[in-house]
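Participant: A structural model of the following input is requested.
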Amino acid sequence: MKKVVTLIVIAAAIIWIDGLFLGQQPDQRNYVVFPNMYESAAYETQSPNPNFPDGKTEQPPVPGTIPWNEMPLHYTATDSDAIRAGKELHMPFDSLTAQEVERGRTVFGDFCVPCHGTGGKGDGPVAQHGYPPPPSLLQANAVNLPDGRIFHILTYGQKNMPGYARQISRMDRWKTIAFVRQLQQQNQQEQAQ
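Facilitator: Numbering: from 1, shown residues only. Modelled structure (predicted):
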C-alpha cells in the first residue's frame, strides 16, 4: 500500500513539474513536441501543388458530395416540378419569431426589392429602368401559390427571375416566404378596410 501511495505522489510530482515547464502559458506559444505535424506545408488556393495528379491545390468536391446540413432537393427547374414542389414542400416551422421574420425582411430587401419593390407590387428600381416588371406579389395568383411552389421559384427561378439557391440559404428562403405572406396579409387587411 505504501508503494502505491509513493508511486502516485511521484507521478503527481512529475505531472506537476512537467506542467510548469511544458504547460500552456497564456502569453506564450505552447511547446510543440512534433513540429512536422504542426508546421505543414501550406499551399495557396490557386497555386500549383505537386501532391495532386492535376497539379492544382484547389480540388473540386467529390461527385455526390452533399454540403453539410443540406439535403439535396430532388426537383428540377421545370413547371411540372414546380407544381410537385407546391404539393410536397411545406413551411418547415409552425411559427416564426420576430427576429426570423425580420431576417426574411432583410433578405427580401437585399434580393427581392430591386425588382418587386418594397411593397411587393413589382415596381422596384430595376423594373422602373426598363427591365420587364415582375408580377405583383400582392395579386391573387401570387397569394394563392403554395409555399412550396414559391420556394421552388426562389430556388430555381421562373421566367425572367433567376434562381437564388446559391445566394440565399434554404432557411432564409423560407423566412423570406414568411415575410412575403406577412406583406400579403397586410395588403388584404388594407383592402378590406
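
Participant: Quick check on the residue most central in space within the chain: phi, psi?
Facilitator: Among the residues of the chain, the one closest to the centroid is residue 169, at 3.6 Å (C-alpha atoms, centre = their mean). With angles defined as degrees, to the nearest 10, residue 169 sits at phi -60, psi 160.

Participant: And residue 56, by the same measure?
Facilitator: Dihedral angles for residue 56 - degrees, to the nearest 10 - are phi -110, psi 150.

Participant: how many other residues sit next to it?
Facilitator: 15 (other C-beta atoms under 10 Å). Yep, even glycine has a C-beta here, placed from its N, CA and C like the rest.

Participant: now do residue 4
Facilitator: 8.

Participant: for residue 134, same thing?
Facilitator: Neighbours of residue 134 using other C-beta under 10 Å come to 22.

Participant: That one: helix or strand, and which one exactly?
Facilitator: Following DSSP states H and E, there is no helix or strand that holds residue 134.

Participant: mind checking how far it is from residue 117?
Facilitator: Using C-beta to C-beta, to the nearest Å, residue 134 is found at 9 Å from residue 117.

Participant: intersection of neighbour lists for those two?
Facilitator: 124, 127 (C-beta atoms under 8 Å, 6 or more residues apart in numbering).

Participant: So what's the predicted local confidence for residue 28?
Facilitator: On the pLDDT scale, residue 28 is placed at 68.

Participant: ok, now residue 37?
Facilitator: In this model, residue 37 carries a pLDDT of 68.

Participant: and what of the one 3 residues further on?
Facilitator: For residue 40, the model assigns a pLDDT of 71.

Participant: pretty sure it is in a strand, no?
Facilitator: No. Looking at residue 40 with DSSP: H, G, I helix; E, B strand; the rest coil, it is coil, so not inside a strand.

Participant: Look up how far residue 68 lies from residue 61.
Facilitator: Taken as C-beta to C-beta, the span from residue 61 to residue 68 is 12 Å.

Participant: More neighbours: those two, which one.
Facilitator: Taking other C-beta under 10 Å, residue 61 and residue 68 do not tie; residue 61 has more neighbours (8 against 5).

Participant: Report whether the expected contact of residue 167 with residue 111 is present.
Facilitator: Yes. Counting by C-beta atoms under 8 Å, residue 167 does reach residue 111; the two are 6.7 Å apart.

Participant: So if I had to pick from the two, which one is more boxed in?
Facilitator: Comparing residue 167 with residue 111 by other C-beta under 10 Å, the one with more neighbours is residue 111, at 18 against 13.

Participant: Might one say that the more buried one is in contact with residue 166?
Facilitator: No. Taking contacts as C-beta under 8 Å, residue 111 lies outside contact range of residue 166: 11.5 Å.

Participant: Perfect, I'm done here.
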